[in-house]
Structure formats: C-alpha cells, structure tokens
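> Mind looking at a prediction? Sequence and model below.
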Amino acid sequence: MKTERRRLGNLGERRAALYLFLHGYRILERNYVSGDAEIDIIARRGKICAFVEVKTRTLGHESLKEPRPASSVTPEKQRKIIKCARDYRYKHPFSAKMRFDIIEVLVRDDGRKPKIQKIEHLISAFDADSARRV
C-alpha cells in the first residue's frame, strides 16, 4: 500500500513540476529537506519564490463530503514548511518574495496506468501569519 501511495505521490510531484515549468516557473529544487520537514518543489518566477506542497489523490471514491486534498496541509505542516523555507532562504539568499502554494493533483487509477484528471494550483494557500501556533 505504501509503495502504491508513494508511486502516485511521485507521479503527482513530477506533474506538478511540469505544470509549474509550463507556466513560466524555474524549478530550483525538488524534495528539499531541512530537519524533519520537506518541501516538494521550490520554484521561481520573476520576483516570487514559491514553496510548493503537492497533494495527490485518486478519484473514484470521492463524495461531496470528502475534503479537498489541500485540507491535509494542517497548521503544523504549514509551520514545518515555513521553517524549511526560511532555512532554504538562509542557505540560498535571494531577494524574491516568499510564497507558499499548494498544488492538488487528482488522478484516476484504473489499475493499469494512472491518468491525471485535474491539476489545481492554489496560489498563496497559506502564509507565515496564517500558520497559527498550537
């Protein structure tokens, strides 16, 4: 099960990176790790450096009650991403504005080859102020 989830997660991250590239972003890092946190994609476009969390979900069991993939990026996860982004900025100084995005990748998996159904880019999904302290 974990292997299957990892495979779909990797597919989602690859597609999210391609999506960003096709929308004019330069991919700086993928799977950047600092301490116990990881940022899936760090990308730059103009004066913005986007720190992107990718959430991939399979379709088929969805209902109107099911939350969006982005809802799994909890305030605690947001704080970890923000801390990791600050570490990246310290190690790689830049003057661009930091922005925290989420990309949702929805996949239909019929057991053979998963197919991307939808990519949703949530720009400025959270910021350092919105990640409340627990």
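Cool, the structure landed. Numbers count the residues shown, from 1 in each chain.
> Mind giving me the packing neighbours of whichever strand or helix holds Asp87?
Element membership of Asp87, judged by DSSP states H and E, is helix 75-91. With contacts defined as 3 or more C-beta pairs under 8 Å, 6 or more residues apart in numbering; DSSP states H and E, helix 75-91 has these neighbours: strand 26-34, strand 37-45, strand 48-58, strand 97-108. C-beta coordinates here come from the backbone N, C-alpha and C atoms, glycine included.
> Flag every buried residue along that helix.
Buried positions in helix 75-91, judged by neighbour count with 16 or more other C-beta atoms under 10 Å: 78-85, 87-88.
> Make TSV from the helices and strands packed on helix 75-91 and add mean neighbour count and mean pLDDT to it.
Rendered in TSV, the data for the helices and strands packed on helix 75-91 read as follows (neighbours: other C-beta atoms under 10 Å; pLDDT from 0 to 100):
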stretch	mean neighbour count	mean pLDDT
strand 26-34	15	98
strand 37-45	19	98
strand 48-58	22	96
strand 97-108	20	95
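> For Thr3, find the nearest of those strands.
strand 48-58 (14.4 Å; C-beta to C-beta).
> Could you give the separation of that closest one from the chain centroid?
Shown here is strand 48-58, whose average C-alpha point lies 2 Å from the average C-alpha point of the whole chain (C-alpha atoms, centre = their mean, to the nearest Å).
> how far away is the closest residue in space to Leu28 that isn't next to it in sequence from Asp110?
Computed as C-beta to C-beta, 6 or more residues apart in numbering, the closest residue to Leu28 that is not its neighbour in sequence is Ile42, at 4.6 Å. Noted for Ile42: a distance of 33 Å to Asp110, by C-beta to C-beta, to the nearest Å.
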